[in-house]
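Trainee: let me see the structure of the following:
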Amino acid sequence: MNIATDPKSQLSSEANLAAPPTAIGILTVDLDAIVANWRKLEKTAVPAECAAVVKANAYGCGAEQVTRALANAGCRTFFVATVEEAAAVRAAAPQATIYALGGFFPNSGDSYARIDCKPVIGDLNELAEWDVFCRRSGWSGGAAVHIDTGLNRLGLTVSEAQGIIPRINAGDHGITLVMSHLASAELLNNPANARQLSTFREIASLFTGVPASLANSSGVYLGAPFQFDMVRPGAALYGVNPTPEADNPMQQVVELKARIVRIRNIERGETVGYGGTWTARRPTRLAIVSAGYADGYFRAASSNDGTRGAEVVVAGKRCPIAGRVSMDLIAVDVTDLDKSAVRRGHMATLIGEGITVDELAHHFGTIGYEVLTSLGRRFARVYKGGNAVVDPVALPSPPAEPAAASS
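Mentor: I've put the predicted structure just below:
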């Protein structure tokens, strides 16, 4: 459910500022924060160009909205994973340079040419097929060459890359970028970083006149030697900490709220949720929140009698999850809140108000990338800043409850 999609319509009605009363929750994306993060990364990488990775629907934040905001801020180059993702980016940024990281599939040349998308080629068979397509079609849109320097996924081996150097030196080769990808950039002193840098510097220097790119989000903060001609930040744009060994230099981008659908009281000794793994140690007041692992709020955030789980913010205060996270619901212990502070229809904050994507990732046992890209489509999405809605989301007031309500 997308509350703000077309920027022309976004500014036309205050109705866009309010989530529908049926929405289980609201994911608010701050486009101004994304732009601010890009500008910070750009400044850190000067004089290198700062591109933007907007694959996986801009890490769950909305590829078209994010691309449009960044293009208006001056970003000229975008990276996606697939041609289908490239098409969405092209619609939002008609003049941008777009690279597809996923490789060049057999018989796919027309799809790249149609939207002027450059494949990132990491296999000699791909390179041969791309050459044939370019000769037969006359397309001259260019491509990148990906060289594997230690990640051992996609990419030409160093010896394979050396083998195509005569082609590069012959001119008119159509290669517009040579790139590699760091395996451990978030670990400042990992020796793999120095090894990859040395390997890439040596091979990239043989690609005469071709711009080079190595650094991802964390790689930007490894310093100037890693930045080359272009940096390719992704997760940092969306608020994930690119320097986990230090404070996060990025602004937080997303806020996630989910609706409280029931307030209930249980007695000391009663259990909560599937498996009865959490037992009330006192008379307990619970808020049942309409979100769960089907919405990307992982079951790993659950609590039990021996382990404290994640927290959510209710009425401005952190409250612990009680029991297992289920597919659609979370139980939250709100016993310590004033009874008048929380009612059915209010919103609980799952991300925001001090709870960061990285904190939630810790409870989930994963990384911020997975948190963002897992956030479900059942949430209403609201955009603020950039070319979208200027004001934060305005929520309708919850319905008044009768004074004699049992909850």
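Trainee: list the buried residues in stretch 252-263.
Mentor: Across stretch 252-263, burial judged by 16 or more other C-beta atoms under 10 Å covers 252-260, 263. Placement of C-beta: from N, CA and C, glycine included.
Trainee: what does stretch 35-42 give?
Mentor: So stretch 35-42, judged by 16+ other C-beta under 10 Å, has buried residues 35-38, 40-42.
Trainee: only alpha carbons, please: show it as CSV.
Mentor: The C-alpha trace of stretch 35-42 is given here as CSV (Å, rounded to 0.1, in the frame of the first residue of the first chain):
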residue,chain,number,x,y,z
VAL,A,35,19.7,13.0,0.3
ALA,A,36,21.7,14.3,3.3
ASN,A,37,23.4,10.9,3.7
TRP,A,38,24.3,10.9,0.0
ARG,A,39,25.8,14.4,0.3
LYS,A,40,27.8,13.4,3.3
LEU,A,41,29.2,10.4,1.5
GLU,A,42,29.8,12.5,-1.6
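Trainee: among the buried residues of stretch 35-42, which lie within strands?
Mentor: Of the buried residues of stretch 35-42, none are assigned to strands by DSSP state E.
Trainee: reformat the residues you listed as JSON lines; add pLDDT and distance to Ile121.
Mentor: Formatted as JSON lines, those follow (pLDDT from 0 to 100; distance: C-beta to C-beta, whole Å):
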{"residue": "Val35", "pLDDT": "98", "distance to Ile121": "31"}
{"residue": "Ala36", "pLDDT": "98", "distance to Ile121": "34"}
{"residue": "Asn37", "pLDDT": "98", "distance to Ile121": "29"}
{"residue": "Trp38", "pLDDT": "98", "distance to Ile121": "26"}
{"residue": "Lys40", "pLDDT": "98", "distance to Ile121": "31"}
{"residue": "Leu41", "pLDDT": "98", "distance to Ile121": "26"}
{"residue": "Glu42", "pLDDT": "98", "distance to Ile121": "27"}
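Trainee: by contact count, what packs against the host helix or strand of Arg136?
Mentor: Secondary structure assigned from DSSP states H and E places Arg136 in helix 124-137. Under the contact criterion of 3 or more C-beta pairs under 8 Å, 6 or more residues apart in numbering; DSSP states H and E, helix 124-137 touches helix 109-114, strand 118-121.
Trainee: to Ser213, which of these lies closest?
Mentor: Ser213 lies closest to strand 118-121 among these, at 10.2 Å (C-beta to C-beta).
Trainee: the closest one pairs with which strands, and in what direction?
Mentor: strand 97-100 (parallel), strand 143-146 (parallel) (DSSP bridges).
Trainee: with just CA atoms, put the last one into PDB.
Mentor: As requested, C-alpha coordinates have been extracted for strand 143-146 and formatted as PDB (Å, rounded to 0.1, in the frame of the first residue of the first chain):
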ATOM      1  CA  ALA A 143      29.200  -1.800 -20.000                       C
ATOM      2  CA  ALA A 144      31.200  -2.300 -16.800                       C
ATOM      3  CA  VAL A 145      33.700  -5.000 -16.200                       C
ATOM      4  CA  HIS A 146      33.600  -6.600 -12.700                       C
END
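Trainee: distance from the chain centre to that strand, please.
Mentor: 24 Å (C-alpha atoms, centre = their mean, to the nearest Å).
Trainee: contacts for it?
Mentor: Strand 143-146 is contacted from outside by 99, 101, 104, 118-122, 127, 130, 154-156, 161, 164, 174-181, 207, using C-beta atoms under 8 Å, 6 or more residues apart in numbering.
Trainee: can you flag the buried ones in the residues you listed?
Mentor: For the contacts of strand 143-146, buried by 16+ other C-beta under 10 Å: 99, 101, 104, 118-122, 127, 130, 154-156, 161, 164, 175, 177-181, 207.
Trainee: quick one: pLDDT of Ser13?
Mentor: Ser13 is assigned 28 on the pLDDT scale.
Trainee: same check on the one 10 residues further on?
Mentor: On pLDDT, Ala23 comes in at 90.
Trainee: what do you get for Gly376?
Mentor: 89.
Trainee: right, and it touches Gly296 too?
Mentor: Yes: taking contacts as C-beta atoms under 8 Å, Gly376 lies within contact range of Gly296: 4.9 Å.
Trainee: who's more crowded, the two?
Mentor: Gly296 (23 against 16; other C-beta atoms under 10 Å).
Trainee: quick one, what contacts the more buried one?
Mentor: 371, 374-376 are the contacts of Gly296 under C-beta under 8 Å, 6+ apart.
Trainee: out of these, which is most surrounded?
Mentor: In the contacts of Gly296, the most neighbours by other C-beta under 10 Å go to Val371, 28 neighbours.
Trainee: that residue is in contact with Val357, isn't it?
Mentor: Yes: between Val371 and Val357 there is a contact at 5.2 Å, judged by C-beta under 8 Å.
Trainee: who's in contact with the spatially most central residue of the chain?
Mentor: Nearest to the geometric centre of the chain sits Tyr59, at 2.5 Å (C-alpha atoms, centre = their mean). Contacts of Tyr59 were listed using C-beta under 8 Å, 6+ apart, and they are 234-235, 237-238, 369, 372-373.
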